[in-house]
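Student: what shape does this take:
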Amino acid sequence: MSWSLEQAYAYVNKIKERAAEDEAFRLLALNDPEMACRLLTGEPLPDGIRMSAREHGPEGLDIEVRGLQETWPTGELGPDEAALD
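Tutor: Take a look at the predicted model:
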């Protein structure tokens, strides 16, 4: 199983929403974004997908998802990493 770009955006947005409301979860997301995602989805990350997070402003997060294999309309593979703001 892998994630589409849309799924990655949806999961990142869920993490950011929860982190904005829950300081303990925000700290977890900063220190272990993969575990934070697992807590929200109930599933481990797909093979090859990795996440990292850093603070963005006083309460925001930047989350990067690596390992995505998105196919562009031309049939070429897109970048395997996306910074999802």
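Student: now do the phi/psi pair for the residue most central in space within the chain.
Tutor: A centroid search over the chain (C-alpha atoms, centre = their mean) returns residue 12, at 4.1 Å, as the residue closest to the centre. Torsion angles at residue 12 (phi, psi; degrees, to the nearest 10) stand at phi -60, psi -40.
Student: any idea how far it is from residue 39?
Tutor: From residue 12 across to residue 39, the span is 14 Å (C-beta to C-beta, to the nearest Å). Quick note: C-beta positions are derived from backbone N, CA and C, even for glycine.
Student: where does the chain dip in pLDDT?
Tutor: Regions of the chain meeting the criterion pLDDT under 70 cover residues 1, 59, 70-85.
Student: and the helices in it?
Tutor: 5-21, 23-31, 33-41 (DSSP state H).
Student: orientation of the second one relative to helix 5-21 in degrees?
Tutor: Per axes from the mean of the first three to the mean of the last three C-alpha atoms, to 10 degrees, the angle that helix 23-31 makes with helix 5-21 is 130 degrees.
Student: just how off-centre is helix 23-31 within its chain?
Tutor: What separates the centre of helix 23-31 from the centre of its chain is 13 Å, taken as C-alpha atoms, centre = their mean, to the nearest Å.
Student: buried residues in it, which are they?
Tutor: Neighbour counts using 16 or more other C-beta atoms under 10 Å place 25, 26, 28, 29, 30 of helix 23-31 among the buried residues.
Student: out of these, who's nearest residue 45?
Tutor: For the buried residues of helix 23-31, the residue nearest residue 45 by C-beta to C-beta is residue 29; the value is 13.7 Å.
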